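Engineer: Could you work out the structure for the sequence below:
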Amino acid sequence: MKILALDIGDQWTGVAISDALGMLARPYTSVETEKLPAFLGPLCTQEKIQTVVLGYPITMRGTVSEQTKKVELYKEKLETEFPHLTFVFQDERLSSKQATGLKKAFTKKEKLGTHARAAAFILTCYLERSRK
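Structural biologist: Next up, the predicted model:
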């Protein structure tokens with residue numbers, strides 16, 4: 001089964017997807033956060049997704065921030081809307097920095113790609129943790 005990862009932001013959410021064996025993660029796209037539920041339904045059906053990994057934005061000290069609380073509330077919303085899916089958190093510290101470091105973004109399209117790359121880093125960490 002493929003696994004989906006989301007890097008949820010205030011305006012944009014990066015989306016990444018694994019291969020069927022759960023070995024590799026690849027950036028998929030970026031979606032406006034307010035349109036995410038409408039996007040997820042068809043994608044999860046088409047790709048046979050059962051697990052969705054959400055980047056968990058805790059601080060470098062391991063404490064909760066305002067963004068952490070927003071993501072926790074968004075997870076609750078998604079769980080209500082998609083009760084057949086399993087939603088799990090994955091520490092996302094430094095994922096955006098890693099994604100930005102791969103390629104400098106100059107255009108809006110390139111900046112949106114950064115969100116999807118960050119989701120791929122989150123998914124890679126989750127997949128590695130799951131294999132252990």
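Engineer: Report the contact partners of the nearest residue to residue 122 once chain neighbours are set aside.
Structural biologist: Among residues not flanking residue 122 along the chain, residue 55 sits closest, at 4.4 Å (Cβ to Cβ, 6 or more residues apart in numbering). C-betas here are computed from N, CA, C, even on glycine. Residue 55 is in contact with 5, 6, 7, 8, 71, 89, 90, 92, 95, 118, 119, 122, counting by Cβ atoms under 8 Å, 6 or more residues apart in numbering.
Engineer: Now do residue 55 against residue 46, distance only.
Structural biologist: Residue 55 is 22 Å from residue 46, where distance means Cβ to Cβ, to the nearest Å.
Engineer: where does this protein have its least confident helix or strand?
Structural biologist: Lowest on mean pLDDT, DSSP states H and E among the helices and strands of the chain sits helix 95-102, with a mean of 52.
Engineer: Next SSE downstream of it?
Structural biologist: helix 108-131 (DSSP states H and E).
Engineer: Which other helices and strands does that following helix contact?
Structural biologist: The contact analysis (3 or more Cβ pairs under 8 Å, 6 or more residues apart in numbering; DSSP states H and E) places helix 108-131 against strand 3-8, strand 12-18, strand 25-32, strand 51-56, strand 86-91, helix 95-102.
Engineer: tell me the mean pLDDT over the first one?
Structural biologist: Right, strand 3-8. What strand 3-8 shows for mean pLDDT is 97.
Engineer: With the fourth one instead?
Structural biologist: For strand 51-56, mean pLDDT is 96.
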